[in-house]
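# what's the 3D shape of this:
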Amino acid sequence: MSLSLTRSLVTLSLLVLASGCNAQPQKLTPMDKTSKDIFLAIENSDINEIKRFIDQKGSLEVKNKKGQTPLMAATYENAISIAKLFIDAGANVNTQDDMANSPFLYAGASGYTEIVKMCVKNGADYKIYNRFGGTALIPACEKGHVETVIELLKDKKFPIDHVNNLGWTALMEVMVIGKGGIEKQTSITKLLIDAGCNVNIPDKEGITALTHARRNGYKDIIKLLEKAGAH
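Here you go, the predicted model:
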């Protein structure tokens with residue numbers, strides 16, 4: 001090997017080594033840090049920090065490790081005033097996290113009626129479904145969230161007869177796994193009937209809501225369904 005080539009190789013090696021020594025550890029970008037701070041602020045109910053984030057035009061659709069936006073994180077806590085701040089600032093009420101929950105879907109399923117109201121007024125999309133392929137109404141009915149059901153049914157465009165991946169409508173969900181007690185189940189059944197639901201949509205096995213009600217001994221519900229033309 002010639003002396004000039006050897007010198008060139010040594011020089012190149014020194015340059016590479018120097019470059020490695022001068023390399024700086026990767027730092028969080030301003031957005032990374034801001035994102036981390038906003039979720040901490042939500043966790044601590046730090047209204048001033050949240051308002052500062054919004055005033056500084058922080059990204060309302062940034063997500064944490066669970067795929068949650070700031071609004072989604074606030075919704076999980078039923079933090080109504082915080083959720084309102086984000087919604088008023090333009091946060092998307094339909095953005096889904098890693099569990100396929102959106103602020104609207106989760107608020108409906110959890111009976112967070114005030115957040116449901118805000119979501120409906122700010123672009124709730126009824127064609128976005130949860131991980132079971134259901135609407136906000138179906139779990140609201142299942143869990144006995146009467147006030148939430150009332151709120152959702154105010155919009156005549158709501159798809160009350162949507163069938164989820166289990167093969168159940170909102171009415172069927174009340175019959176099969178309804179929770180909250182028979183009084184709430186009966187009230188919700190009446191609400192669905194009064195809203196014009198189809199009482200004869202069967203489940204995947206071809207069993208109707210009336211048949212389920214009879215099997216479960218839901219006397220008052222049976223009367224409601226029969227009066228509505230169920231068979």
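
# ok, now how distant is the spatially most central residue of the chain from V163?
For the chain, S102 is the residue whose C-alpha lies nearest the centre (CA atoms, centre = their mean; 2.2 Å). Using CB to CB, to the nearest Å, we find S102 at a distance of 20 Å from V163. Any C-beta I mention is one placed from the backbone N, CA and C, and that applies to glycine too.

# same check, this time on T135
Distance, T135 to V163, by CB to CB: 10 Å.

# out of the two, which sits in the busier spot?
Neighbours were counted for T135 and for V163 using other CB atoms under 10 Å; T135 has more, 26 against 18.

# got phi/psi on K184?
phi -70, psi -40 (degrees, to the nearest 10).

# now do G144
Dihedral angles (degrees, to the nearest 10) for G144: phi 80, psi 30.

# wait, it touches G181, no?
Yes: if you go by CB atoms under 8 Å, G144 and G181 touch, sitting 6.7 Å apart.

# the two: which is more packed in?
Higher neighbour count among G144 and G181: G144, with 20 against 10, using other CB under 10 Å.

# from the rest of the structure, what touches stretch 119-136?
With contact meaning CB atoms under 8 Å, 6 or more residues apart in numbering, stretch 119-136 is reached by 87, 92-94, 96, 99-105, 107-109, 116, 138-139, 151-152, 154-155, 157-159, 162, 164-166, 170.

# quick one: contacts for N78?
Going by CB under 8 Å, 6+ apart, N78 touches 110, 112, 115.

# among those, which ones are buried?
Among the contacts of N78, those classed as buried by 16 or more other CB atoms under 10 Å are 110, 112, 115.

# and these, which is closest to T211?
Minimum distance to T211 across the buried ones among the contacts of N78 is 29.9 Å, recorded for S110 (CB to CB).

# weed out the non-buried ones from the contacts of stretch 119-136.
Here, 16+ other CB under 10 Å leaves 87, 92-94, 96, 101-105, 107-109, 116, 138-139, 151-152, 158, 162, 164, 170 buried among the contacts of stretch 119-136.

# in helices only, show me these.
87, 103-105, 107-109, 116, 138-139, 151-152, 170 (DSSP state H).

# can you redo those as TSV with distance to I188 and pLDDT?
Shown next, in TSV, are these (distance: CB to CB, whole Å; pLDDT from 0 to 100):
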residue	distance to I188	pLDDT
I87	27	98
P103	23	99
F104	19	99
L105	18	99
A107	17	99
G108	13	98
A109	14	98
V116	15	98
I138	11	98
P139	12	98
E151	13	98
L152	11	98
A170	8	98
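
# all set, thanks.
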